[in-house]
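Engineer: sequence first, predicted model second:
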Amino acid sequence: QVHLVESGGGLVQAGGSLRLSCAAAGRTFSNYAMGWFRQAPGKEREFVAAISSSGGRIFYADSVKGRFTISRDNAKSTVYLQMNSLKPEDTAVYYCAAVQRTSSGSVYLGSYEYDYWGQGTQVTVSS
């Protein structure tokens, strides 16, 4: 079992930045590939970014590419999402997720592929 806790959400003006953190507990963090997803009111959960267990492979949704950066610190069992140049359309609840890796370079883009989820953190971007 992996327990995930997100933090760092909040209210920010358009053009601003936020850094989300997701702390993991329970299993060896370096065995898990991680992802960030988001869900806006009335919309389905969507993929934001993913990182392999080693951190060597990263993938972003087109909507956030160039603005968001995913990273991880395996020594701290934490994955981060640095969000810059925020837009009102980035407003959503952001979730981190974990899946036990099948290879160190694997990244996972589908929410159905993940086994463990955090409770989510609200990000609101005002115009």
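Structural biologist: That came through fine. Residues are numbered from 1 along each chain as shown.

Engineer: got the buried residues for stretch 84-93?
Structural biologist: 86, 90, 91, 92, 93 (16 or more other Cβ atoms under 10 Å). Every C-beta, even on glycine, is put in place using the N, C-alpha and C of the backbone.

Engineer: what's the local residue count around residue 22?
Structural biologist: By other Cβ atoms under 10 Å, the residues close to residue 22 number 25.

Engineer: can I assume it is in contact with residue 2?
Structural biologist: No: here residue 22 lies out of contact with residue 2, judged by Cβ atoms under 8 Å, at a distance of 10.6 Å.

Engineer: closest one of the buried residues of stretch 84-93 to residue 43?
Structural biologist: Set against residue 43, the nearest of these by Cβ to Cβ is residue 92 (7.9 Å).

Engineer: dump the residue contacts of that closest one.
Structural biologist: 38, 39, 40, 43, 122, 123 (Cβ atoms under 8 Å, 6 or more residues apart in numbering).

Engineer: determine which two of the buried residues of stretch 84-93 are furthest apart.
Structural biologist: Among those, 86 and 93 lie farthest apart (Cβ to Cβ), at 14.8 Å.

Engineer: ok, the nearest residue to residue 110 once chain neighbours are set aside to residue 59 distance?
Structural biologist: Take residue 110 and drop its neighbours on the chain: the residue closest to it by Cβ to Cβ, 6 or more residues apart in numbering is residue 47, 7.3 Å away. To residue 59, residue 47 is 9 Å away according to Cβ to Cβ, to the nearest Å.

Engineer: no more questions from me, cheers.
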